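> Please work out how this folds:
(2 chains)
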There are 2 protein chains.
Amino acid sequence: MSSAHQVFDEMPKPSPPPVPAQVPVDLSKYSKRVLLKSIVDRADGGLGLVDQRVVVGGWVKSSREMRKDPVPTTQPPVVGDAKEDAGGKDVRCVEVFQSRFPFLRTIIKVFGGNTANTKEKLETVLPKSAQPSVSILQISDGSSVISLQVTVDSSIAPPGQLMPTGTCILAEGVLQKPSLQGKHAIELKAEKLLHIGIVDQDTYPLSKKSLPLARLRDCAHFRPRTTTVASVMKVRNGLNQATHTFFQNHGFIHVEVPIITATNTEGFSDIFQVSTSKFSTKEPKKEEPVTMDDTENISLETVKRSIVEKSKKVEELKRSDSNKEALAAAVQDLRKTNLLAAELEARSKSKSKSKSKTENIKTDDGFFSNQAFLTTSGSLHLESCASALGNVYAFGPRFQADKSESKKYLAEKWMIETELAFSELEDAMNCAEDFLKFVSNWVAENCYENLYFLSKRVDKTILDRLNSLASIVFEKITYTTAVEVLNKVTDKTFETKIQWGNALTEEHESYLVDEFYKKPVIIYDHPKELKPFNVRLNDDEKTVAAFDVIIPKVGALIRGSQKEERLNHLSKRIKELGLRRDQYEWYLDLRKQGTVKHSGFNVTFDVMVLFATGLNDVRDAVPFPRHHGKIHN
Amino acid sequence: MSSAHQVFDEMPKPSPPPVPAQVPVDLSKYSKRVLLKSIVDRADGGLGLVDQRVVVGGWVKSSREMRKDPVPTTQPPVVGDAKEDAGGKDVRCVEVFQSRFPFLRTIIKVFGGNTANTKEKLETVLPKSAQPSVSILQISDGSSVISLQVTVDSSIAPPGQLMPTGTCILAEGVLQKPSLQGKHAIELKAEKLLHIGIVDQDTYPLSKKSLPLARLRDCAHFRPRTTTVASVMKVRNGLNQATHTFFQNHGFIHVEVPIITATNTEGFSDIFQVSTSKFSTKEPKKEEPVTMDDTENISLETVKRSIVEKSKKVEELKRSDSNKEALAAAVQDLRKTNLLAAELEARSKSKSKSKSKTENIKTDDGFFSNQAFLTTSGSLHLESCASALGNVYAFGPRFQADKSESKKYLAEKWMIETELAFSELEDAMNCAEDFLKFVSNWVAENCYENLYFLSKRVDKTILDRLNSLASIVFEKITYTTAVEVLNKVTDKTFETKIQWGNALTEEHESYLVDEFYKKPVIIYDHPKELKPFNVRLNDDEKTVAAFDVIIPKVGALIRGSQKEERLNHLSKRIKELGLRRDQYEWYLDLRKQGTVKHSGFNVTFDVMVLFATGLNDVRDAVPFPRHHGKIHN
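Residues are numbered from 1 along each chain as shown, chains lettered A, B, ... in the order given. Got it, this is the predicted structure:
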């Protein structure tokens, strides 16, 4: 397990710096301080800025205290995880451990205020017996992975107040060469502290060094102060920017699809209901009766028993090596029965859901005069916009109420969804591949410093993986080929045996990508039972024009499809699955009036962050994750 | 009222075109057709592409039919709103009205299929007695405000099938000079129709020309097919892009704040509750008792009566022109009483809400083990990220359950929110002003064609307004100054008399912006009662460091503030307002541990779209608006 919350100042300069060494440092716009990156990210590490007076702000990442002593007797030990080679030269101080002044933390409470006040208070409470010393602070303002060293004389503020990890300071001073030789090219000698935001070490959750990521989840409101989580958030920001750049460059229009919807957009998965807290006395709306056809009368149990018998027969025929036609017929019979079972299962699932909805939702609450849900997918609404504007995309939160424990699942997730008019399956697959390549390349170039940091702390391979994805041609195979390949595997036993008609497991997908093809794989033309109701039926009437993009590390990242543009096929499928047709009338309208072939795909943005950062759990990749259990904020 | 759903081909070329005339037309990436803009948006209107074979797709905006007749006797009349000066030359056809073949619409049903099939079906059903003719279609694929003219011989597809507005076609053919002289530089002579998506004119809501925007709201899933709504969506997309560009250029990190939250983020306004449909049998959680202080025992009614009396006294003293000190004392007394009333009102409102929540929510449903709401604002969560990363912004949906009928209100709205660490009120005001200028300038430059179209159909002044906003320096005044200015107005009577302590109405704001200062106005330092609990208290202890940016046309577009970073002040305010402290513990943590001065603002994105497009109602500015009443999709 990787750990976070550490300083990381020893990073070699990864690439040419954005600011040339000659340019004087500027005030940050919209605040009266200088961003630390404009000092520490320079090619010379800030050396060219010696003697400049600046105001900087930030939070203490680590600290130590030096007693003022003109004649050093020993080389000072170093606190924290900074691995500097200080040597023995030019040492003017002797280290005093921070723990010498724990009592100060409890007696000094300064919340901001102007400099004069702050100073006065500090002088008042500072014990006169304390020996003069210098606090040496590594501070970060979130603008760079590299910290700035700030020295504060104890006559300005007591070390006990400044040194706890997490303390916020706004300091005015002069940049100078470090008083101690070390890894820093420059340090700030503070002359005034304009603000101190103290920390209570006993209750501050980040006081301990090297908290594991899982522990940090309990303090989502503080964890971006760790360099690891801050880097993840910046890579996430980079992926966001790259996404908009890709689609805007290709002329896609961004559309805000609705979050509150009356349409159960995917036809399955547990969903959230939206209401106000005022319950109305209105009668609940009557549900439309679900129409049934002949297969309704066949019980799922009967079909399942029949599958067991038929499977046995097939095995027998295989062993006996008898008549090939008989075997073929038996296999086909079994396949049909499997499909029927899947169909019945899907139908009963969907029916029981629509039933339970009717029973459990006592009343609508009068705000929306019909039931309202949190959307699971924006794709239906996006299709409406594509049927007018051509190419569109949406980027926003989507919701699922499954109580899943998967590391890739959240109740609230951000999705990128896109829909292309006049486009068929292959077009969407090409677009998905180009999108992934563009985004991978973009973050590798534009978030190099944060990725480099994460490669040291979380996963060594992230940069290689991003660069490889950006350059390799994806393998494209049908679902049927995937099943054939997997069935021929002899050097490995899968937990779930693969059979045509069943969904591939993560293990299957991982085998194809990591061991067989050794590159990203797009699997298309899936059995219709495995995909949503609105995917276009292929001519074989068994498979649909859907695809999954499987990539290393995270598995299926993108799911796409050509949508069913033919009214009769779509109506039939809605009926087959027992979905409530009244919810889809507006959607069917799009097929009645000027229907167009179109296709699209969706990307689970949070999982893409896992791919790029090397993290294993989406709860570490989202600022405030939402899943089954208590919400803290 | 403006109308939509019309072709708009007569627009003069507004700016240098993106594609030089020499470049051959390319296939659209991710579809096997050419985007219409790459033909019609060229400087030569597409003339340089004569003889090129292309595939184009789109929806019919208007149409007419010409009977094939070698000897024209009259000049053909023109259908639709196209104002062309056809002259009399080179006319080879005689117009046949579309209504001649209404019966074809009901007997021909072709849903896609390959070309061979389509052709076959068409030939089969085409009545042999029909006279040969040519359908002349204006089609749009959403990529340009200009349509392409496509001619289809009746031997390829019957006019009755192609001509209804909204019909979708995918056509292969050769670009040529128009057979009839007119406004078009080029037309496509179709040789094959690869797809036809028919329209049932009787039920298609856009069949009628010039539907008002209010009517179009009933068919949100079709309305982007009108050039007006499509243009609005593109300007909206442009504003989105400009927003990300501004913040990313200034080093802000985009953060996805949570939609589902346990914190009533603004402390007031009606909110939506989130639940799954499965009710648990768990005991409901006990509410913490709300602590009360002395003022609890004073009834609001008593205080209000006292205000009336004290107001009378002040008026009397003013009239009698007596002792100035007595008047000052009476005014101060009245002011205090007013504040107390406001305080009591806020408290009782907030208490009654927390009470009603407890009473009405029967159980939590076991998914989240505490109450979950749809967020009204991301700013609290954003503050947490700013207290680590420096400058952050969020852009996403926010929710309010007020049953407002305002034209600027939606239950689901998109907001831009930003928070800047180490920043004070003035910094946030400067950032808000720069943001508005940047975005206005950006869309004026990058969405010129759509804005030009909207300026003809919706509001003539939009381009001037955008350009003026981008260049003018905003006026900055305190709330107190605003009240003084308004109280000196003699040439106008306001519906609501302005009094220090009351919120300015839209009428007051409009007067300041449109009549007094004649430019955007930033009003800051508002009475604390008028602003959320977390705004920083000023030294006068009456006003808080909040600001509103008031601009022409839409009024208050941006609201911002410096947040209260002092724990004691924030705790006091939470208590004063009777808010539930347990919901804010994590938020108060940010003040306990490394607190920092910070400020920010929020922009109601949908209202910004009104400003840029000249629309009057946000329901026309949002793809699928959500408000009190039925949800259709």
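
> Is any residue of stretch A:138-154 near chain B?
Yes: using C-beta under 8 Å from any C-beta of the partner chain, stretch A:138-154 comes into contact with chain B via A:141, A:142, A:143. Placement of C-beta: from N, CA and C, glycine included.

> Residue A:546 should be in a strand, yeah?
Yes: Residue A:546: assigned to a strand according to DSSP: H, G, I helix; E, B strand; the rest coil.

> I'd say it and residue A:560 touch.
Yes: contact criterion C-beta atoms under 8 Å: residue A:546 and residue A:560 qualify, at 7.0 Å.

> Please identify the helix or strand for the nearest residue to residue A:614 once chain neighbours are set aside.
With sequence-adjacent residues excluded and distances taken as C-beta to C-beta, 6 or more residues apart in numbering or on different chains, residue A:614 is closest to residue A:459, at 2.5 Å. Using DSSP states H and E, residue A:459 sits within no helix or strand.

> rewinding a little: reformat the residues of stretch A:138-154 next to chain B into a markdown table and put neighbour count, distance to residue A:621 and secondary structure next to each item.
Shown next, in a markdown table, are these (neighbours: other C-beta atoms under 10 Å in any protein chain shown; distance: C-beta to C-beta, whole Å; DSSP: H, G, I helix; E, B strand; the rest coil):
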| residue | neighbour count | distance to residue A:621 | secondary structure |
| --- | --- | --- | --- |
| A:141 | 27 | 23 | coil |
| A:142 | 27 | 18 | coil |
| A:143 | 23 | 21 | coil |
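
> Pairing partners for the longest strand seen in chain A, with directions?
Longest strand in chain A, counting residues (DSSP state E): strand A:53-68. Applying DSSP bridges, strand A:53-68 is found paired with strand A:93-96 (antiparallel), strand A:133-140 (antiparallel), strand A:168-176 (antiparallel).

> For the shortest one, the averaged confidence score.
When the per-residue pLDDT values of strand A:93-96 are averaged, the result is 40.

> before we move on, what about stretch A:133-153?
96.

> and residue A:55, how far is that from residue A:25?
11 Å (C-beta to C-beta, to the nearest Å).

> Common neighbours of those two, please.
Residues touching both residue A:55 and residue A:25 by C-beta atoms under 8 Å, 6 or more residues apart in numbering or on different chains: residue A:34.

> Now do the SS call for the residue in the stretch 201-350 of chain A positioned nearest to chain B.
Distance from chain B to each residue of the stretch 201-350 of chain A (C-beta to the nearest C-beta) is smallest for residue A:224, at 3.7 Å. Assigned state for residue A:224: helix (three-state reduction, three-state DSSP).

> For it, list the residues it contacts.
Residue A:224 makes contacts with A:142, A:230, A:233, A:623, B:384, B:385, B:388, B:389, as judged by C-beta under 8 Å, 6+ apart.

> how about TSV for these, with distance to residue B:246 and secondary structure added?
Output for the contacts of residue A:224, formatted as TSV (distance: C-beta to C-beta, whole Å; DSSP: H, G, I helix; E, B strand; the rest coil):
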residue	distance to residue B:246	secondary structure
A:142	19	coil
A:230	22	helix
A:233	19	helix
A:623	21	coil
B:384	23	helix
B:385	18	helix
B:388	22	helix
B:389	17	helix
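
> farthest pair in those residues?
Based on C-beta to C-beta, the longest span within those runs between A:142 and A:623 and measures 13.5 Å.

> Number of residues surrounding residue A:475?
17 (other C-beta atoms under 10 Å in any protein chain shown).

> what does residue A:595 give?
For residue A:595, the neighbour count with other C-beta under 10 Å is 26.

> confidence score at the closest residue to it other than its chain neighbours?
Of all residues not flanking residue A:595 in the chain, residue B:197 sits nearest, at 3.8 Å (C-beta to C-beta, 6+ apart). Looking at residue B:197, its pLDDT stands at 97.

> isn't residue B:197 right next to residue A:592, touching?
No: with contacts counted by C-beta under 8 Å, residue B:197 stays clear of residue A:592, the gap being 9.1 Å.

> Counting neighbours, go ahead and name the busier of these two.
Between residue B:197 and residue A:592, counting by other C-beta under 10 Å, residue B:197 is the more crowded of the two (27 against 16).

> residues in contact with that one?
Residue B:197 neighbours (C-beta under 8 Å, 6+ apart): A:565, A:593, A:594, A:595, A:596, B:111, B:112, B:167, B:168, B:169.

> What residues sit buried inside stretch A:451-468?
By neighbour count with 16 or more other C-beta atoms under 10 Å in any protein chain shown, stretch A:451-468 contains the buried residues A:451, A:452, A:453, A:454, A:455, A:457, A:458, A:459, A:462, A:463, A:465, A:466.

> care to break chain A down by domain?
A:37-211, A:235-274+A:372-620, A:294-354 (automatic domain parsing).

> Neighbours of residue A:218, how many?
11.

> do the same with residue A:234
Residue A:234 - counted by other C-beta under 10 Å - has 26 other residues nearby.

> Looks like residue A:390 contacts residue B:140 (just checking).
No: assessed by C-beta under 8 Å, residue A:390 is found out of contact with residue B:140, at 9.5 Å.

> Residue A:572: what secondary structure?
helix.

> what's the host helix or strand of residue A:559 packed up against?
In the assignment (DSSP H and E), residue A:559 maps to strand A:555-562. The helices and strands touching strand A:555-562, judged by 3 or more C-beta pairs under 8 Å, 6 or more residues apart in numbering or on different chains; DSSP states H and E, are helix A:425-446, helix A:506-510, strand A:543-551, strand A:598-604, helix A:605-613.

> Residue A:415 falls within a strand, correct?
Yes: counting by three-state DSSP, residue A:415 is found in a strand.

> count of residues packed around it?
Residue A:415, neighbours per other C-beta under 10 Å, totals 21.

> who's it bridged to?
Bridge pairing for residue A:415 - DSSP bridges - gives residue A:396, residue A:604.

> now swap in the one 4 residues further on and tell me
Note on residue A:419: beta-bridge partners by DSSP bridges are residue A:392, residue A:600.

> isn't it right up against residue A:596?
No: with contact defined as C-beta under 8 Å, residue A:419 does not reach residue A:596; the gap is 10.5 Å.

> shared neighbours of those two, anything?
Joint contacts of residue A:419 and residue A:596 (C-beta under 8 Å, 6+ apart) are residue A:386.

> So for the two, which residue has more residues nearby?
In terms of neighbours (other C-beta under 10 Å), residue A:419 is the more surrounded of residue A:419 and residue A:596; the figures are 31 against 26.

> Could you pull up the contacting residues of that one?
Per C-beta under 8 Å, 6+ apart, neighbours of residue A:419: A:379, A:382, A:383, A:385, A:386, A:391, A:392, A:393, A:563, A:598, A:599, A:600.

> quick check, nearest of the residues you listed to chain B?
So of the contacts of residue A:419, ranked by how close each gets to chain B (C-beta to the nearest C-beta), first place is residue A:385, at 5.4 Å.

> For the closest one, which residues are in contact?
Contacts of residue A:385 were listed using C-beta under 8 Å, 6+ apart, and they are A:253, A:255, A:392, A:419, B:224, B:233, B:623.

> go again using 10 Å as the cut-off
Listed by C-beta atoms under 10 Å, 6 or more residues apart in numbering or on different chains, the contact partners of residue A:385 are A:253, A:255, A:257, A:378, A:391-394, A:419, A:421, B:142, B:220-221, B:223-225, B:230, B:233, B:623-624.

> what's the neighbour count on residue A:473?
Residue A:473 has 9 nearby residues by other C-beta under 10 Å.

> With adjacent residues omitted, what lies nearest to it?
Nearest non-adjacent residue to residue A:473, counting by C-beta to C-beta, 6+ apart: residue A:519, 7.6 Å away.

> Kindly report the same for residue A:164.
residue A:199 (4.2 Å).

> Can you report how many residues neighbour that neighbour?
As a burial measure, residue A:199 scores 25 neighbours (other C-beta under 10 Å).

> Would you convert the contacts of residue A:224 into JSON lines that also reports distance to residue B:444?
As requested, these are exported to JSON lines (distance: C-beta to C-beta, whole Å):
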{"residue": "A:142", "distance to residue B:444": "33"}
{"residue": "A:230", "distance to residue B:444": "36"}
{"residue": "A:233", "distance to residue B:444": "33"}
{"residue": "A:623", "distance to residue B:444": "34"}
{"residue": "B:384", "distance to residue B:444": "36"}
{"residue": "B:385", "distance to residue B:444": "32"}
{"residue": "B:388", "distance to residue B:444": "36"}
{"residue": "B:389", "distance to residue B:444": "32"}
